[in-house]
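[1] 3D model of this:
(chains A, B, C and D)
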There are 2 protein chains.
Amino acid sequence: MLKQPTIRDVASAAGVSVAVVSRVLNPGSGPVAPLTREQVLKVIDDLGYHPRTAARELKHQPPTTLGLLLADVANPFFARLADHVVNEADARGIQVLLMTTQEDSQLETQRLTTLLERRVSGIIATPTGENLDFWSKLIKVGTQVVFVDRSIPELPEVDEVRLDNKGSAYAATSHLCAMGHRRIAIISGPDKTTTGRDRIQGYVQALLEAGIARDEELIRSSEFRGTGGADAISALMSLPERPTALVVANTAQVTGVLRRLTHSNVAIPGELSVVVFDDSPWTELITPPLTIIRQPIEMLARHSVTLALATSLRRESAQPARIAVRTELVKRSSVAPVGAMLEPLS
Amino acid sequence: MLKQPTIRDVASAAGVSVAVVSRVLNPGSGPVAPLTREQVLKVIDDLGYHPRTAARELKHQPPTTLGLLLADVANPFFARLADHVVNEADARGIQVLLMTTQEDSQLETQRLTTLLERRVSGIIATPTGENLDFWSKLIKVGTQVVFVDRSIPELPEVDEVRLDNKGSAYAATSHLCAMGHRRIAIISGPDKTTTGRDRIQGYVQALLEAGIARDEELIRSSEFRGTGGADAISALMSLPERPTALVVANTAQVTGVLRRLTHSNVAIPGELSVVVFDDSPWTELITPPLTIIRQPIEMLARHSVTLALATSLRRESAQPARIAVRTELVKRSSVAPVGAMLEPLS
DNA sequence: TTGTAAGCGTTATCAT
DNA sequence: ATGATAACGCTTACAA
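    The predicted structure follows:
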């Protein structure tokens, strides 16, 4: 196992001092004769020298690493977010440390500790909602924290980038109303998440504007993980007065809900019109192709990275950023006018 | 912006030397009086001290970071792999630096440079196939390199963890043969990838055993990205003698192929029986539910991490590891006996 | 049991 | 234009 050469090895091999080598390594940090420069460069190449990041970081922290703390990368939504974040970060020459919380606040604590010890310059995260003091501390020591897709109300000073959840749910629900539906159910995320609450708000507002009373029976929150979504749909479909339309506003639960619907032989859109929050390619493949809320994840990533890399100077005076990326309702075939194929049950 | 305390701050605040603090930080590295220990611990907590990883790494490299270099995390297969790798690594207290090549060898070079400069202890990668000398160098300086899902023939000394591609394709094809199919097409990965070649090998072997001649017309390779897969299916379906069965052995192309099939109104399994290499949840949701090759990604991750973290001492004498994780054929409804619902075209 | 001091590989500040 | 040399924050002999 070969030992890597250090800057000193390069210096002596080139017959110059380490300072000179450092200067050719960091152009602009000082003068160096063209000839000397070339020779040093040659030696660097010959020896296969690569400066050690750890040592560089020790001197003066040049923002080079960014933490990406997601709930879960198996979830396609987060996977695509991660992909774009990595790309976006790379375009600016910075690396991404990927970690997951699995929605567990204890794990989150561990991850945050690691991130703190690494002195990352920024963190893009989907917080669990706990660890309030830890987040505060991170910010206090100058870490650029950006919450993406969710946020923590108790920490209003944190930058936030999310989808326009309220608007999305509003659009989905309005569309359903326009098709004549009046019993519209929604399966959303946990109540304690802003994502869940915002979506329900948009849903309720659309209902109000259509003159439909809010019916708690039709509003279901389910965890991001587990079979909560599937169970919710079962409960909804056994209601005395079944819904004729459904908004699945919990991305993580979409497949579970659909599976249960399929197994229960609920005809879509005959018995139930459906709009889902998920624009994965497969939503177009199934029968019927699903009407979806398209989520411009790339924008989410771009804004997040920009904020996470923003110099802390900017933050001093300015208000925290609150960016809501607009979504798009893509109409396909899982929504039909109410009663189009089947008369109401009575 | 608060400045983080250093070990020296802790030492003076606790009225001891830095050595003592270091010892309580690294239990087992030396003796420390129980009382002193407690006091130091208290000060650490009060000051909110966190040791700086960069400084620690500088002294003696304790394997703490692992590079995960994937083609692309938007691809669900790789996303799930990443998720498991992160979990598995975390269980051993090590962090993951996520990078993507986008199948571009130039980008790969950049990533490898970064990884080298960071002196990561190990790298788990899906190599593009280029950068041979760079990989060699990485190994030479003691980096544990593990190729996952693919490998590079020219670098037989690198550990390798992959799915049993040949066996998978063999199982899929045999199943189809058993159902009476004789014109079985396959859409696989690029010829230059081991993945692609292995799958075609398994396919051919199954054909041979069933006494069916290999027909080059029915063997299509398509890139991992782009519309190659969709185009291939179009070509196949316009053949004078159409195939009655298809194995989609290019995971990245599965949705594209199915979309084209759907748009062309090809009845599955009526006109065409289909087996795909992808066990995403949605494969069960579509009509008909797809017969798939299930890929135990978690195993892939576990083995990869284990190898990437293995001490280099182990490697000295031993042969490089070549692990092939077995897959499973899950029979659903996209495969039917030949001619079951529709007579052959004449 | 505790303290002192020498690195680890860079960068940056002075002199030269 | 170049070269000593002092940090950076931590670990670790070696001394006390």
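
[2] Chain A: helices as residue ranges?
    Per DSSP state H, chain A carries helices over the ranges A:7-14, A:18-25, A:34-47, A:53-59, A:76-91, A:105-118, A:132-140, A:165-178, A:194-209, A:228-237, A:254-263, A:297-309, A:312-317.

[3] will you turn the ones you listed into JSON lines that also has mean pLDDT, mean neighbour count and distance to DNA strand C?
    Where you see a C-beta, it was placed from the backbone N, CA and C, and this is true even at glycine. Output for those, formatted as JSON lines (pLDDT from 0 to 100; neighbours: other Cβ atoms under 10 Å in any protein chain shown; distance: least, Cβ to the nearest atom of the strand, whole Å):
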{"stretch": "helix A:7-14", "mean pLDDT": "97", "mean neighbour count": "17", "distance to DNA strand C": "3"}
{"stretch": "helix A:18-25", "mean pLDDT": "96", "mean neighbour count": "19", "distance to DNA strand C": "4"}
{"stretch": "helix A:34-47", "mean pLDDT": "97", "mean neighbour count": "15", "distance to DNA strand C": "10"}
{"stretch": "helix A:53-59", "mean pLDDT": "94", "mean neighbour count": "17", "distance to DNA strand C": "3"}
{"stretch": "helix A:76-91", "mean pLDDT": "96", "mean neighbour count": "23", "distance to DNA strand C": "20"}
{"stretch": "helix A:105-118", "mean pLDDT": "97", "mean neighbour count": "19", "distance to DNA strand C": "16"}
{"stretch": "helix A:132-140", "mean pLDDT": "96", "mean neighbour count": "16", "distance to DNA strand C": "25"}
{"stretch": "helix A:165-178", "mean pLDDT": "97", "mean neighbour count": "23", "distance to DNA strand C": "44"}
{"stretch": "helix A:194-209", "mean pLDDT": "95", "mean neighbour count": "21", "distance to DNA strand C": "41"}
{"stretch": "helix A:228-237", "mean pLDDT": "92", "mean neighbour count": "21", "distance to DNA strand C": "50"}
{"stretch": "helix A:254-263", "mean pLDDT": "91", "mean neighbour count": "22", "distance to DNA strand C": "48"}
{"stretch": "helix A:297-309", "mean pLDDT": "97", "mean neighbour count": "22", "distance to DNA strand C": "19"}
{"stretch": "helix A:312-317", "mean pLDDT": "62", "mean neighbour count": "11", "distance to DNA strand C": "18"}
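
[4] In the stretch 201-346 of chain A, what residue comes closest to DNA strand C?
    Relative to DNA strand C, the nearest point of the stretch 201-346 of chain A is A:T311 (16.4 Å; Cβ to the nearest atom of the strand).

[5] what's the neighbour count on that residue?
    10 (other Cβ atoms under 10 Å in any protein chain shown).

[6] which residues sit in contact with A:A213?
    Under the criterion of Cβ atoms under 8 Å, 6 or more residues apart in numbering or on different chains, the contact partners of A:A213 comprise A:L207.

[7] so who does A:R92 touch?
    A:305, A:309.

[8] Flag every residue of the stretch 201-346 of chain A that's near chain B.
    Proximity of the stretch 201-346 of chain A to chain B (Cβ under 8 Å from any Cβ of the partner chain) is limited to residues A:255-256, A:258-259, A:262, A:280-282, A:284-287, A:312.

[9] tell me which of those residues is nearest to DNA strand D?
    Distances from DNA strand D to these, taken by Cβ to the nearest atom of the strand, are shortest for A:S312, at 16.7 Å.

[10] rewinding a little: next one, pLDDT for the residue of the stretch 201-346 of chain A closest to DNA strand C please.
    Here, the pLDDT recorded for A:T311 equals 79.

[11] about what we covered before: let's have the helices of chain A in CSV, adding distance to DNA strand D.
    Formatted as CSV, the helices of chain A follow (distance: least, Cβ to the nearest atom of the strand, whole Å):
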stretch, distance to DNA strand D
helix A:7-14, 7
helix A:18-25, 3
helix A:34-47, 3
helix A:53-59, 4
helix A:76-91, 24
helix A:105-118, 8
helix A:132-140, 15
helix A:165-178, 41
helix A:194-209, 35
helix A:228-237, 43
helix A:254-263, 45
helix A:297-309, 22
helix A:312-317, 17
